[in-house]
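Chemist: model this:
(one chain, ligands or ions: 2)
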Amino acid sequence: MDNRNKANVLIVDDEPNARKVLSAILKEVPYNIYQADGADEASEIVSSEDIDVVITDIKMPGKDGLYLFNYLKLNCPDIPVIFLTAFGTVDSAVTAMTEGAFFYFIKPPDYAKLKAILARAVEQKKLKNEITDLRSQLESTYKFSSIIGKSPGMESVFRMVEAIKDSSISVLVSGETGTGKELLANAIHYTSRRHYSPFVAVNCAAVPHELLEAEFFGYERGAFTGAVSRRIGKFEEADTGTLFLDEIGELELSLQAKILRAIQEKEIERIGANKKIKIDIRLIASTNRDLAKEVEQKNFRADLYYRLNVMQIKLPPLRKRKSDIPLLVTHFIDKFSQRENKHVSSVSPDVMNVFLSHSWPGNLRELENVIERAVVLARDEVIGIRGIPDEIKKQAINNNIRADVVKPLRELENETIINAINTFNGNKSKAAKALGITRKALYNRLRKANSFL
Ligand SMILES: Nc1ncnc2c1ncn2[C@@H]1O[C@H](COP(=O)(O)OP(=O)(O)OP(=O)(O)O)[C@@H](O)[C@H]1O
Ligand SMILES: [Mg+2]
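Modeler: Numbering: from 1, shown residues only. Ligands and ions are numbered 1, 2, ... in the order given. Modelled structure (predicted):
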């Protein structure tokens, strides 16, 4: 068995001899043995190595085994802890058992039994690891597949996400309201290698300005009137994970400076503290404003903008990716049909025409809301024109009338292409065949259409 498959066991005891004997005995079993002379060294090892089980003495000078137990419970609750205790400390060991310790032995232990219990502890840890792995796999497939889109605009968004997901570079996600900025920020986090760590979101527009600094950086007890106890800020909460600053364009200039400093120096200071805290976060910011313009008008700091703009992902508005509409419609119908326990499966062709003619100022959120309402009201499997709000029908008709007066050839071509894709449920090969052009030609035309629609 190579070392990577062996379980890692950490022995903590202040007496070198006790550690030596125990590690000699356990080495017969294929474990990687680590040793620590106290709680401090132990917590260091646990943070740098992938420890599976801890065996610890209780009575040690300075921080004792119970301190270590509590530290582990907070920081790595999945590691089973086995206590070795002298007669005098049996009571504490029993108490620890009621609080989740794995087992305790009175010194000198029965080594055969200790080995058996240790094997069980290792087994338990492995199972917990598997569950964590499965959960995060599920999370990442779920998160990424929930972003629907096959239009060239979205495909270039996906390519960019793929390229930058594992880097720690800050990302600016821009787009009109309802284009999916928050969904994309989630997807970047859950497909990145940080997905085991927290995704923490702050909506800069929703928190009152005077509270934002405390929200970001936290504070010490007594830092200001009302600070009755210490509070951790969002930057610290997101440590090792991703911090999502939604609507960053709403931030006041003074806070923008503080955010820039925090991401540049990779450290923060809680309000009222004089100690810097190291942080390792990936920042994703979103905006529905034109930040370049905000910089010109001196509402947004140029230095922060340049820092964020290194990697900007622009989400196209729905009217510029109409070829995604059929797919999105199916996706939202499935979502709400399931929730409502209904059997709605599609929209009628005239509804689809209305959808393709509407300009969707509220983007995907507007489409989602229209479908939610239609599914709730639907009596049949197919959503008919009566299930669609009048304003949307009116606007769609207006758009069409305008187009009927002077209908440029290019527009006709685009409509035909979209209809074909729509007819074949987004299958571009079939659509191309029906249009009498190659798949490649279809892609080229779509790319052109995309900048036109
Ligand atoms: N590509 C997509 N596929 C499926 N659903 C999407 C997609 N994009 C957005 N949505 C859905 O549309 C709704 C709006 O998305 P989201 O909240 O991410 O938009 P936003 O850009 O953050 O909007 P706002 O600027 O108003 O905050 C959400 O319910 C989201 O799940
Ligand atoms: Mg949002």
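
Chemist: where does the stretch 251-400 of the chain have low pLDDT?
Modeler: For the stretch 251-400 of the chain, applying pLDDT under 70 flags the ranges 400.

Chemist: what does it put close to ligand 1?
Modeler: 288, 331, 364-365, 368 (C-beta under 6 Å from any ligand atom). Where you see a C-beta, it was placed from the backbone N, CA and C, and this is true even at glycine.

Chemist: for these, name the two members farthest from one another.
Modeler: Comparing all pairs in those by C-beta to C-beta, the longest separation belongs to Asn288 and His331, at 22.6 Å.

Chemist: ok, back up a step: buried members of the residues of the stretch 251-400 of the chain next to ligand 1 into ChimeraX, please.
Modeler: Here is the ChimeraX command that picks out the buried ones among these, judged by 16 or more other C-beta atoms under 10 Å:
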select :288,331,364,368
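
Chemist: work out the gap between the helix or strand encompassing Leu184 and the centre of the chain.
Modeler: Using DSSP states H and E, Leu184 sits within helix 181-191. Centre-to-centre, helix 181-191 and its host chain are 6 Å apart (C-alpha atoms, centre = their mean, to the nearest Å).

Chemist: what residues of that helix count as buried?
Modeler: Residues 181-182, 184-191 are the ones in helix 181-191 that count as buried (16+ other C-beta under 10 Å).

Chemist: assign the residue nearest to Tyr111 when sequence neighbours are not counted to helix, strand or coil.
Modeler: Of all residues not flanking Tyr111 in the chain, Ile25 sits nearest, at 5.4 Å (C-beta to C-beta, 6 or more residues apart in numbering). At Ile25 the chain is in helix, as set by DSSP: H, G, I helix; E, B strand; the rest coil.

Chemist: Ile25 touches Pro109, doesn't it?
Modeler: No: Ile25 lies out of contact with Pro109 (C-beta atoms under 8 Å); the separation is 9.6 Å.

Chemist: more neighbours, the two?
Modeler: Neighbours were tallied for Ile25 and for Pro109 using other C-beta atoms under 10 Å; the higher tally belongs to Pro109 (19 against 15).

Chemist: who touches the spatially closest residue to the more buried one that is not a sequence neighbour in this structure?
Modeler: Computed as C-beta to C-beta, 6+ apart, the closest residue to Pro109 that is not its neighbour in sequence is Leu84, at 6.3 Å. Shown in contact with Leu84 (C-beta atoms under 8 Å, 6 or more residues apart in numbering): 13, 18, 22, 55-58, 104-105, 107, 109.

Chemist: name the SS class of Leu84, please.
Modeler: Here Leu84 is strand, with the state taken from three-state DSSP.

Chemist: run a quick neighbour tally on the closest residue to Lys113 other than its chain neighbours.
Modeler: Nearest residue to Lys113 in three dimensions, chain neighbours excluded: Phe105, at 7.5 Å (C-beta to C-beta, 6+ apart). Phe105: 17 surrounding residues under other C-beta under 10 Å.

Chemist: all numbers from here: first residue = 49
Modeler: New numbering, starting at 49: the last item is Phe153.

Chemist: now Phe153: phi and psi?
Modeler: Phe153 adopts backbone torsions of phi -130, psi 140, taken as degrees, to the nearest 10.

Chemist: my read: it touches Leu162, true?
Modeler: Yes: under the criterion of C-beta under 8 Å, Phe153 makes contact with Leu162 at 5.9 Å.

Chemist: between the two, what contacts are shared?
Modeler: Applying C-beta under 8 Å, 6+ apart, one finds that Phe153 and Leu162 are jointly contacted by Ile130.

Chemist: residues in contact with whichever residue of the chain sits closest to ligand 1?
Modeler: Proximity to ligand 1, evaluated over the chain using C-beta to the nearest ligand atom, is greatest for Gly228 at 2.5 Å. For Gly228, the contact set (C-beta under 8 Å, 6+ apart) comprises 195, 363, 411-412.

Chemist: same thing with Leu293?
Modeler: Contacts of Leu293 by C-beta under 8 Å, 6+ apart are 250, 252, 299, 307, 331-334.

Chemist: look at it and report its pLDDT.
Modeler: pLDDT recorded at Leu293 is 97.

Chemist: quick one: neighbours of the closest residue in space to it that isn't next to it in sequence, just the number.
Modeler: The spatial neighbour of Leu293 that comes closest, neighbours along the chain excluded (C-beta to C-beta, 6+ apart), is Ala333 at 4.5 Å. Neighbours of Ala333 under the rule other C-beta under 10 Å: 27.

Chemist: checking Ala333 next. Helix, strand or coil?
Modeler: Three-state call for Ala333 (three-state DSSP): strand.

Chemist: Ala340 too?
Modeler: The three-state assignment at Ala340 reads helix, by three-state DSSP.

Chemist: that one against Tyr354, yeah?
Modeler: No: counting by C-beta under 8 Å, Ala340 stays clear of Tyr354, with 10.3 Å between them.

Chemist: can you say which helix or strand has Glu459 in it?
Modeler: Using DSSP H and E, Glu459 maps to helix 457-471.
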